[in-house]
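**Q** Model the following, please.
(one chain, ligands or ions: 1)
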Amino acid sequence: MQQIYDHTGDYLIIVLPTNNNYLNIKQLLLNFETTSQTYQLLDFDVYNQELQTISRNDLNVEMRKCYLCSSPAKLCARGKVHLVSELLCYIDNVIEKEIEQNVRVK
Ligand SMILES: [Zn+2]
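**A** The predicted structure follows:
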């Protein structure tokens, strides 16, 4: 396991000892990402042994959606459709809600 910090964010790289379950692993991580608005902020990338990305397309799952308008996120990112401040505000709100819910539970 390796932790990396750079200008685009934090990364955690986990190398799993597996030979051929890449699609299953990607599907499990996609399921996890969709269990809550908070987990949707996470982005799990899976690579096979040839370091090729296992994509949503490999699973016939639709592209990741933009947090703000539900269009494909890549299109909004490439077109710089939204202000970074708008995205950060959305992310802050999601995290604040998560923290509030956890405080109420305890
Ligand atoms: Zn958008």
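
**Q** Output the contacting helices and strands for the least confident helix or strand in the chain by mean pLDDT.
**A** Using mean pLDDT, DSSP states H and E, strand 2-6 stands out as the lowest-scoring helix or strand of the chain, at a mean of 71. If you count contacts as 3 or more CB pairs under 8 Å, 6 or more residues apart in numbering; DSSP states H and E, strand 2-6 packs onto strand 9-13. Backbone N, C-alpha and C define where each C-beta goes, glycine included.

**Q** The strand it packs on: partners in the sheet, and parallel or antiparallel?
**A** strand 2-6 (antiparallel) (DSSP bridges).

**Q** which other residues reach the partner strand?
**A** 10-13 (CB atoms under 8 Å, 6 or more residues apart in numbering).

**Q** mind listing what Asp45 touches?
**A** Thr53.

**Q** Would you quantify the distance from it to the ion?
**A** Relative to the ion, Asp45 is positioned 21 Å away (CB to the ion, to the nearest Å).

**Q** May I have the phi/psi pair for that residue?
**A** Here is the backbone geometry of Asp45 (degrees, to the nearest 10): phi -110, psi 140.

**Q** so how far is the ion from the residue lying closest to Gln27 once chain neighbours are set aside?
**A** Leaving aside its sequence neighbours, Gln27 sits nearest to Leu59 (CB to CB, 6 or more residues apart in numbering; 5.8 Å). Between Leu59 and the ion the distance is 23 Å, computed by CB to the ion.
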